[in-house]
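> Provide a 3D model corresponding to the input given below.
(chains A and B)
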Amino acid sequence: MLRRAVLLLWLVGLLFVVAACQQQPAPTATKPPEPTKPPAAQPSPTKAEAAQPTPTKEEAMPKEGEPYKLGLVLSITGPASALGVPERDTALMLMEKINAAGGIKGPDGLMHKLEVIVEDDATDTGQAVLATKKLIEQDKVHVIIGSSVSPNSIAMAPVVSEAEIPMISLASSTAIVHPLLKDFEGQTIQIPGKGEHTVGPGETVIYLSRLYDVDPKAILEANPQLPQELVRPWVFKTPQENYPVAQVQADYWKAKGVTKVGSLGVNNAFGLDSRLAMKAVYPKAGIEIVADELFQPKDKDFRAQLTKIKGLDPEGVVVHATPGEGAPITVQFRELGFDVPLVQNHGIGSKAFIDLAGQAAEGVLFPAGKLLVAETLPDDDPQKPVLLQYIEDYDKYTNGAPRSTFGGHAWDAVMISVQCLEKVGPEASALRDCFENDVKDFVGITGVFTWSPVDHVGIFKESLALIMIKDGNWVFVAPDEYANVP
Amino acid sequence: MSLESQLLQFLFAGLTLGSIYALIALGFVTIYNVTGIVNFAQGDFAMLGALITVTLYQRTGIFNRVITVNLQLPLPLAILLAVVLTTLIGVVLYLIAIRPARGASVISLIIITIGASIALRGLGLIVWWTDPYPLPVFTPGPPIEIAGAVLTRQNVWVIGTMVAIVVGLYLFFEHTLLGKALRACAVNREAARLMGIKADHMALFSFALGAAVSAIAGIVITPSTFMAYDSGTLLSLKGFVAAIMGGLTNAPLAVAGGLVLGLVEAFGAGLLSSAYKDAFAFLTMFVILLLRAGGVFGQRLAEA
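All right, here's what the predicted structure looks like:
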């Protein structure tokens, strides 16, 4: 008994020491977080205290509020490091730039520093979830940004939804913002006017509406057993979905007169989504998918799959991968002596792909954001000035690191967050409402965004360009030219 | 592409892949025979060998691009130096991690090698960051076409290297005094010691040999698969599976195990389903283990 009492005393003492060391999280240490109220709502009472110690440094800014915190979960190491590194650098660059100008002027009239907290998930789903929880519970961030890849983002979506913190994903899958019909896999649902459909892995209501060309709301009405929610209320994303990417690919195949293609995709949520988009778009464009091969993430040898595809004599090959696997696939594709066009998706939109695949990358085509070919865009493109400014800033900040569309996704997420923090402050539900209702014609790096209660992606085919790799560089292919490239 | 040429293509892919697994498995077997340790850092030696070669051969920024190594040695010299350096790392690993724990149980020693693997991967991450690195093909030129299937020159290099090393090791073990001493240690350590063979030196040598063979394996596959700091893990795993298929003590069987594993993966992915490529490999291992139940780990671990 005595020992326990002593131990308890010790613990209490320790708590005091911890509380004394840290000024900010002190109130939360004694109060358990309430599930109904987002923790972001708490800062208001402590604002006055926190404002006092800081003003001595800054003379120009008379009053300074608590920092606005963005929590980034990025794949800085592991196979998707080519995505996470430029995303981190872009976010840190923006933080530096915004804070150098004094910070963000909140709706309370105070200036708030922008604080970007970056966590590395090592391209691992479990670590992404842990990092998200840490950012929400310990760092009390106002917005979660990330992760870089789809499987991680999909796993993070329920976590932020439960904590009611808005999240902006930097990955492409449809299932990030649209709830997956996971619990209904294998069951049949009614498609109004089109009969029945058996739900498969990775499918969403929005996917079915595209596959069958029906209104997504009509599908929900016809199937009252489904969760009556088209988008996850707390989750948004900045990259293009795989659906418009497949549309641009299909436009290219059509222009070339190609009617049968072989597909090779990574066996994870990203590959699944990209392949589903392909299956929804290609058949409507009269393109037959003769092979649908898979490989495991981190695989190094793809010759067996490529041989199988070659055996089916396709007129073109489409690959769903990121540079880590996309580059060896391209090298082995050339080794095996294919003589058909190789089209990939926006997963390879970083210079790392060209560096790795070298000579083999020549002639590879892929749809991606306009950032890669910003200089060659027509002058009346609304994004051109923003793109050129970002390229200049990023080049200066990183000492000449090559630009990548992934950094652009992070730019969009951070700047949209900043715009809403400026407008409504850090309160979680107000931020969410701002994302949903006040992001209109936002000219970003990935596209011109218009978010709404039914659309948390807000960019379409127009935000993409078909890009060809030529002499180790990205070259813009105008739609009229599709038929004339390899 | 006809079915025959497809099958031939799977055969080529499987043999190439299998050759690498065989080489890593040989490293496992050599070290296990002499010391009784399963060295899980085997695949990381392959990673080190390849990345050191890249660093010596081309302009490479290391330590987060703080230091730029610009030696640009000719490829054969870079490979030779990289193999020597990796061998030294293997020796150092033995001296600082394994040797001080000589008296410990085999399981503790195995856990030390797992730690060593994590440490080497961490070292790789610090030095080379997360980027995968390529190497040029050893002899550029068009691939060889046989009955509609293509065999690239690099594949020939991979398979040829495997054959050369297997033959070389055979000659070494059968016809040199050092090789015979190593075999003696493998057969009966106590008796070998009584005959005046220094078991400690032999253990050191087995680590050097294991590291060298793995480094060569890593270098020959890098032109077509690239190498990153974490590529060693999968190689360790597959090499271990191959070694287990050979009973962990039998070098020729381990080589056969590596080739079978490569072929199963290639044919399984090509003819059945590419989604279950790795599953086929592990399924094969289970079947073989079931067939020869208890023969693999059984004895030595029971002793320990």
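
> in the helix or strand hosting B:Glu174, what counts as buried?
Using DSSP states H and E, B:Glu174 sits in helix B:153-175. Buried residues in helix B:153-175, defined by neighbour count with 16 or more other CB atoms under 10 Å in any protein chain shown: B:153-159, B:161-162, B:165-166, B:169, B:172-173. To be clear about C-beta, it is placed using only N, CA and C from the backbone, and glycine gets the same treatment.

> can you spell out which helices and strands pack onto that helix?
Applying 3 or more CB pairs under 8 Å, 6 or more residues apart in numbering or on different chains; DSSP states H and E, we find helix B:153-175 packed against helix B:3-35, helix B:177-187, helix B:199-225, helix B:251-267.

> mean neighbour count, mean pLDDT and distance to A:Lys310 added to the ones you listed, as a markdown table?
Below are the helices and strands packed on helix B:153-175 laid out as a markdown table (neighbours: other CB atoms under 10 Å in any protein chain shown; pLDDT from 0 to 100; distance: least, CB to CB, whole Å):
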| stretch | mean neighbour count | mean pLDDT | distance to A:Lys310 |
| --- | --- | --- | --- |
| helix B:3-35 | 25 | 91 | 8 |
| helix B:177-187 | 17 | 89 | 44 |
| helix B:199-225 | 24 | 93 | 17 |
| helix B:251-267 | 23 | 92 | 14 |
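
> right, and those - which one's nearest A:Gly358?
Set against A:Gly358 and scored by CB to CB, the helices and strands packed on helix B:153-175 come closest in helix B:199-225, at 10.3 Å.

> and the next helix or strand past the closest one?
Defined by DSSP H and E, the subsequent element after helix B:199-225 is helix B:232-245.

> helix B:3-35 and that following helix, what's the angle between them?
If you take axes from the mean of the first three to the mean of the last three CA atoms, to 10 degrees, helix B:232-245 sits at 80 degrees to helix B:3-35.

> what is helix B:232-245 packed up against?
Under the contact definition 3+ CB pairs under 8 Å, 6+ apart, helix B:232-245 sits against helix B:3-35, helix B:42-57, helix B:106-128, helix B:199-225, helix B:251-267, helix B:277-291.

> okay, those in a markdown table with distance to chain A next?
Converted to a markdown table, those look like this (distance: least, CB to the nearest CB, whole Å):
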| stretch | distance to chain A |
| --- | --- |
| helix B:3-35 | 4 |
| helix B:42-57 | 11 |
| helix B:106-128 | 7 |
| helix B:199-225 | 4 |
| helix B:251-267 | 4 |
| helix B:277-291 | 6 |
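
> need those helices in a markdown table with distance to A:Pro378, can you?
What follows is these, written out as a markdown table (distance: least, CB to CB, whole Å):
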| stretch | distance to A:Pro378 |
| --- | --- |
| helix B:3-35 | 46 |
| helix B:42-57 | 41 |
| helix B:106-128 | 41 |
| helix B:199-225 | 41 |
| helix B:251-267 | 48 |
| helix B:277-291 | 46 |
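
> of all those, which one is nearest B:Gly90?
helix B:199-225 (2.7 Å).

> and the helix holding B:Glu174 with helix B:177-187, angle?
For helix B:153-175 against helix B:177-187, the angle by the same axes, to 10 degrees is 80 degrees.

> hmm, who's touching helix B:153-175?
Helix B:153-175 is contacted by residues A:335, B:12, B:15-16, B:19-20, B:22-23, B:26, B:30, B:137-141, B:143-144, B:178-180, B:182-183, B:213, B:216-217, B:220-221, B:223-224, B:251, B:255 when judged by CB atoms under 8 Å, 6 or more residues apart in numbering or on different chains.

> swap in 7 Å and give it another go.
B:12, B:15-16, B:19-20, B:22-23, B:26, B:137-139, B:141, B:143, B:179, B:182-183, B:213, B:216, B:220-221, B:223-224, B:255 (CB atoms under 7 Å, 6 or more residues apart in numbering or on different chains).

> over to stretch A:411-431?
A:38, A:40-41, A:43, A:68, A:70, A:90-91, A:94, A:98, A:104-108, A:114, A:142-143, A:145, A:164-166, A:168, A:170, A:238, A:390, A:434-435, A:438-439, A:442, A:444-446, A:449.

> and the buried ones among these, selectable in ChimeraX?
Filtering those down to the buried ones (16+ other CB under 10 Å) takes a single ChimeraX command:
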select /A:38,40,43,68,70,90,91,94,98,104,106,114,142,143,145,164,165,166,168,170,238,390,434,435,439,442,444,445,446,449
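
> thanks a lot, catch you later.
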